[in-house]
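> What follows is a predicted protein model with its sequence.
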Amino acid sequence: MFDVTALGEREFLALVGERTGMYTGKASFDRMVVFLTGYDCCAVRRGVSVLDGFREWIEEQEGVRSGALGWPGQVRRIAFPGEERFGGLTKEEDEQALATLFRLLDGFLAAKEKDERG
């Protein structure tokens, strides 16, 4: 065992990405969106948002606007280019959307770490 409290946000969320079902009860994109939103709300209460700027970063890096659906909609558009996939997903589609989400999240958090280090 190791102390998860010693992990940075990027390291912890990478662990979450490896075993999403352990954190959400079922490995699904929609459940992970709810988990990350709640996780960020808790962080905001401590004075530090984990996802602040994520939507803007995706727009800048991927050229995908968020519209009314925010970063979850952006991730779906990137995972399924040229398709409007906003309903339920199959198991394979959930896996694709989750892989896209955690790739983007890792890139965002890496950039955030770099900015914080100067």
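It's in.
> Excluding chain neighbours, give the residue nearest to Leu98 in space.
Excluding the flanking residues, the one nearest Leu98 by C-beta to C-beta, 6 or more residues apart in numbering is Phe29, at 5.5 Å. All C-beta spots, glycine's among them, are computed from the backbone N, C-alpha and C.
> Quick check: the gap between the one you found and Gly82.
Distance of Phe29 to Gly82, computed by C-beta to C-beta, to the nearest Å: 18 Å.
> which one of those two has more residues nearby?
Phe29 (24 against 6; other C-beta atoms under 10 Å).
> Looking only at residue counts, what's the top helix in this structure?
If you go by DSSP state H, the chain has its longest helix at helix 91-117.
> What is that one packed up against?
Using 3 or more C-beta pairs under 8 Å, 6 or more residues apart in numbering; DSSP states H and E as the contact criterion, the elements in contact with helix 91-117 are helix 9-18, helix 29-45, helix 54-62, helix 70-79.
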